[in-house]
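Enquirer: turn this into a structure:
(chains A and B)
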Amino acid sequence: MDEITTVVRDYIIREYLQEGDDRQITEKTPIISSGIVDSFSMVSLLRFLEKKYSIHIPDEAATPEAFDTVERIAALVRRFQKAEVGSV
Amino acid sequence: MSAPLSYEEPTAKFEWHVAEEELGYEPGDTINIGWMCSDRICQLGLADKWALLWEDYQGNQKRFTYDDVRILSNTIAHFLSGLDLRPAERICLFMDRVPELYIGFLGILKTGAVAQPLFSAFGDESLFVRLADAQTSAIITQRKHLYKVRKIRRQLPSLRHVIVVDADQASLQPDEIAFQMERTPRIEDFAVHPTTAESPSILHYTSGTTGQPKGAQHVHYSIIAQYLTAKWVLDLRPDDIYWCNADPGWVTGTSYGIIGPWANGITQVVLDSGFNADHWYEFIEKHRVTVWYSAPTAIRLLMKEGAEIVRQHDLSSLRHLASVGEPLNPEAVIWSQEVFGKPFHDTFWQTETGCIVITNLPGMPIKPGSMGKPFPGITATVLNPETYEPVNRPGVAGLIALRPGWPSQIRGYWNNEAGFQARFKNGWYLCGDRASIDPDGYFWFMGRDDDVINTGGHLVGPFEIESALLGCPAVAESAAVAKPDPINMEVVKAYVTLKRGFQVSDDLELEIMNNIRKRLSPLAMPQEIEFVDSLPKTRSGKIVRRVLRCKEFHEPVGDLSTIMDD
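Expert: Next comes the predicted model:
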């Protein structure tokens, strides 16, 4: 598991998994469709990613599908990290 | 009597008696929603018909016939009766969309107690406010939500019982009770409490501009309206497979996610999962859903995912589509016509009305963007906001108002008679929304008449958010207002001034957002926080949210003569 994947997974466990919820979060665990993160809470997750990685993820890319697993979120971060580098 | 073929057909000589007759109810009889939705359906010869086909996000499934629902609701009612819970006491349902929530709702009503469903995503503060206000006696919850209950239980002297539906007794604290519905001996016969028309049934909390949320008190007679509106507006027919997206923590989820379909003996499907377009379409295809009652926010999310994904599924089973929660924009109606081959029919109502009151009936021509016309038996108009007299001029905006007296109208706000009376002017009930009426009698929604924020079809009160914001260490003052949003219609935006010694930063913004999300709910979390030096106030020091709201909507602010700082 790379650094981005680990950071995203740990953040979701810390911030979104409720105290009594003993579900394991892996790279492939559904996050949105399982209801762990809903569409409203996605905004705070998006803010965290943008702040942590100094990137901007446009609304059209921040879809429930793109946020549905840790793996997909990490891929999204990498994509926009590259875009930021490319735009310099 | 099946759904009318046109709007004119039933309106001329409508009486709610139609529904009383179909439900076998005579004025003065006992009437109990729990019994009506289970035992009565079995007596009609439908005991073996599927009542509930349930599925979660992992594809786990459970199925319940009407006889199962009858027996299991008896089982829950019997268990609750053994806990020394008296009729009219409040029993909270605080669960995800699991079968125990739907069947437990009927079980509570069978005992004569009042069901108080609350959205399971509520944080401990939101939960506390609602349980304290209602002086709730018992709460039925799941292990995953138990920590929130434990956090507040000591401050709730009325809360005598905490019941957990998915835990063993050994894993609970001594003052908590394990109750596993399907592992408990089934109770074939239960003496349903002889509730009557005006006996209290459900307490749903709803938000207003001022003060904490108010408990809207409903009665068993509401089923008369919920039964008929479900049948006529949602066009429910005996062989339908019906899917209502709403969570029973909100009124749509009880009126049309439990009572309406089950009073009609319909098979309903429930998907206990978050949003995923592909999964939703798969679910419709797999269960051959015929009637789908959804919400504009969900429809706009589906629109965002595109039409291609729709074409990958066989959705030909869909016969009727309807929507509720916020105004359905014309683009969504046109889009659904294009991709599903049929339009979503907008419906308008609210917690206090208990049933759909303005709607597009199946036989009516739809004007995309319009709320439709009053349901037969509902007298609706728009009032001049100064005189509270009907506007009576096509196209002129006014306050949406209803003549009181329909069966599912709330009977009061819990412990708040003044708040309840304030909803009535000149013999009209005020919905708190503005609209105009066109020459054909169609209503056109224009917006809220107060500061309540309608986000994703749910009303969120600014006062509750502002109170929670003031609980954040850095926040000195705050104002919560609506901000337009392409998906949710509105989202919460907070304006905040900071205490001395705190600096504006991205970290602080995220910290405040997460703080509100956890304490109140994701719905109440500000999607944006603007840090300002001061907030607009009246000369007496009251924050004027209107100024901030107008700024967000790019509307003229109007007269600012009483505002101190501009």
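
Enquirer: just give me the neighbour total for the closest residue to residue B:153 other than its chain neighbours.
Expert: Leaving aside its sequence neighbours, residue B:153 sits nearest to residue B:159 (C-beta to C-beta, 6 or more residues apart in numbering or on different chains; 6.0 Å). For glycine as for every other residue, the C-beta is placed from the backbone atoms N, C-alpha and C. Using other C-beta atoms under 10 Å in any protein chain shown, residue B:159 has 20 neighbouring residues.

Enquirer: hmm, residue B:159 is touching residue B:141, no?
Expert: No - counting by C-beta atoms under 8 Å, residue B:159 sits too far from residue B:141 to count as a contact (11.4 Å).

Enquirer: isn't residue B:419 up against residue B:211?
Expert: Yes - between residue B:419 and residue B:211 there is a contact at 7.4 Å, judged by C-beta under 8 Å.

Enquirer: okay, those two: which has more neighbours?
Expert: Neighbour count, other C-beta under 10 Å: between residue B:419 and residue B:211, residue B:419 has more, with 16 against 13.

Enquirer: then that one would be within a helix, right?
Expert: Yes - per DSSP: H, G, I helix; E, B strand; the rest coil, residue B:419 lies within a helix segment.

Enquirer: ok, now which ones touch it?
Expert: Contact partners of residue B:419, counting by C-beta atoms under 8 Å, 6 or more residues apart in numbering or on different chains, are B:208, B:211, B:214, B:413.

Enquirer: of these, select the buried ones using a PyMOL command.
Expert: The buried residues among the contacts of residue B:419 can be selected in PyMOL (16 or more other C-beta atoms under 10 Å in any protein chain shown) with this line:
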select buried, chain B and resi 208+214+413
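
Enquirer: if we only consider the contacts of residue B:419, which is nearest to chain A?
Expert: Within the contacts of residue B:419, the smallest distance to chain A is 20.7 Å, found for residue B:208 (C-beta to the nearest C-beta).

Enquirer: so what does that closest one look like in phi/psi?
Expert: phi -130, psi -180 (degrees, to the nearest 10).

Enquirer: that one against residue B:461, yeah?
Expert: Yes - assessed by C-beta under 8 Å, residue B:208 is found in contact with residue B:461 at 5.7 Å.

Enquirer: hey, what's in contact with both of these two?
Expert: residue B:452.

Enquirer: pull out the buried positions in the helix or strand harbouring residue B:19.
Expert: Residue B:19 belongs to helix B:17-22 when assigned by DSSP states H and E. The neighbour-count criterion (16+ other C-beta under 10 Å) identifies B:18, B:19, B:20 as the buried residues of helix B:17-22.

Enquirer: I'd like the next helix or strand past it.
Expert: Next element after helix B:17-22 (DSSP H and E): helix B:33-36.

Enquirer: residues in contact with the residue nearest to residue B:153?
Expert: B:131, B:136, B:137, B:138, B:139, B:153.

Enquirer: let me know the secondary structure of it.
Expert: coil.

Enquirer: cool, residue B:231 as well?
Expert: Strictly by three-state DSSP, residue B:231 counts as helix.

Enquirer: how about the contacts made by the residue lying closest to it once chain neighbours are set aside?
Expert: Counting by C-beta to C-beta, 6+ apart, residue B:264 is the residue found nearest to residue B:231 once chain neighbours are left out, at 5.5 Å. Neighbour list for residue B:264: B:227, B:230, B:231, B:236 [criterion: C-beta under 8 Å, 6+ apart].

Enquirer: let me know the pLDDT of residue B:264.
Expert: Model confidence at residue B:264, given as pLDDT, is 98.

Enquirer: next: the one 5 residues further on.
Expert: With respect to pLDDT, residue B:269 scores 98.
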